[in-house]
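Novice: this one's structure only:
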């Protein structure tokens, strides 16, 4: 991770799981009232999650379940599926689902399920499916976006004054660290495209001298190392994804959702907004040119990411002059169509920034 990356440090053990929600989502078979009995109870065993879209526990399970599905996607004797109980109430009612998520195993050729009551982790689910299905599948590995710190690279990464850094000091045997890993990886994934943010972790059991240097005596300990204070500050916020995302956005000036997409505030430069309002309020070409000149002057003063955003403002203003007042509306519609397609995350960021900024001109 290059640039100013905000470092969150956490257990590398399971940290990869949340990223899986976007990587492996297509491997879970979506079951409906139309296809349930065509897929389940046939010539393969099936593990089915009955969930509700608004359910917090279901959201936490999702990356684990999707990693499980990726692990079994090439196994013809097993199906990993899910049912949206808000949409398909008759199925969930038929199988006595009273709380979410409910996970049930349907043996080959049977519509009489066995309730899964184990831990909701990819590891435990894999072991259960292997036992019930008579398979021997290994759990799929996932690339991590968490920066792993060592004695050798700690100062280079954490004390870099161009980076905001949140570090988790963890111990491999620590249960709370393992519980946090899933959320932590999701945070790292959400901010992976932010050059000013790094998410990282340090095995404090192995590198005890570094832990002691920063007063770490329990695990996990989270410390924030902003550009302006490389002595480090204790992170005292909550440990849910939204808590971390809010903290990073507030401290680092980023605008991300927990899933990694940019919010509608991304790219907006307060110093230019009044000039945009003035620009679109005048119809005289000479006056527009004068406002545009002031905008160019203001953009020249911007630094960092704002300088990049400023160029988008200028291009938008010039296109309004050249292509007419309806240019922003038409271009926003085009960008929205592009964002609905399967595009890279980098392109999605690029289009969202342009859309956000053009919205000021519309």
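Specialist: Looks like it arrived, so ask away. If you're wondering where the values come from, they're calculated on a predicted model, not measured in any experiment. Numbering: from 1, shown residues only.
Novice: buried stuff in stretch 204-221?
Specialist: 204, 207, 210, 211, 214, 216, 219, 220, 221 (16 or more other C-beta atoms under 10 Å). Just so you know, the C-beta spots here come from the backbone N, C-alpha and C atoms, and that holds for glycine as well.
Novice: ok, stretch 35-49 next?
Specialist: Buried-residue list, stretch 35-49, by 16+ other C-beta under 10 Å: 36, 39, 40, 41, 44, 45, 46, 47, 48, 49.
Novice: contact partners of that stretch?
Specialist: By C-beta atoms under 8 Å, 6 or more residues apart in numbering, the residues outside stretch 35-49 that reach it are 28-29, 31, 58, 61, 65, 68, 76-83, 88, 91, 101-111, 113, 116, 125, 128-129, 132-133.
Novice: what about 7 Å?
Specialist: 29, 31, 65, 76-83, 91, 101, 103-111, 129, 132-133 (C-beta atoms under 7 Å, 6 or more residues apart in numbering).
Novice: restricted to helices, list these.
Specialist: Counting by DSSP state H, those place 65, 91, 129, 132, 133 in helices.
Novice: grab the longest helix from the protein for me.
Specialist: Per DSSP H, the chain has its longest helix at helix 304-323.
Novice: following it, which helix or strand comes up?
Specialist: helix 327-339 (DSSP states H and E).
Novice: so which residues of this structure form strands?
Specialist: Assigned by DSSP state E, the strands in the chain fall at 29-31, 45-51, 78-84, 102-106, 114-115, 147-149, 164-170, 197-203, 221-225, 233-234.
Novice: for the ones you listed, give me a markdown table that also has mean pLDDT and distance to residue 179.
Specialist: Formatted as a markdown table, the strands of the chain follow (pLDDT from 0 to 100; distance: least, C-beta to C-beta, whole Å):
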| stretch | mean pLDDT | distance to residue 179 |
| --- | --- | --- |
| strand 29-31 | 95 | 28 |
| strand 45-51 | 97 | 20 |
| strand 78-84 | 96 | 23 |
| strand 102-106 | 98 | 19 |
| strand 114-115 | 96 | 23 |
| strand 147-149 | 96 | 19 |
| strand 164-170 | 98 | 11 |
| strand 197-203 | 97 | 14 |
| strand 221-225 | 98 | 14 |
| strand 233-234 | 96 | 20 |
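Novice: and this protein, split by domain according to the record?
Specialist: Following the TED database, the chain resolves into domains at 29-133, 147-252, 270-360.
Novice: ends of the longest one, how far apart?
Specialist: If I follow you right, that is domain 147-252. 18 Å (C-alpha to C-alpha, to the nearest Å).
Novice: tell me how far that domain lies from the chain's centre.
Specialist: The chain centre lies 17 Å from the centre of domain 147-252; the measure is C-alpha atoms, centre = their mean, to the nearest Å.
Novice: same deal with the first one?
Specialist: Computed by C-alpha atoms, centre = their mean, the separation of domain 29-133 from the middle of its chain amounts to 24 Å.
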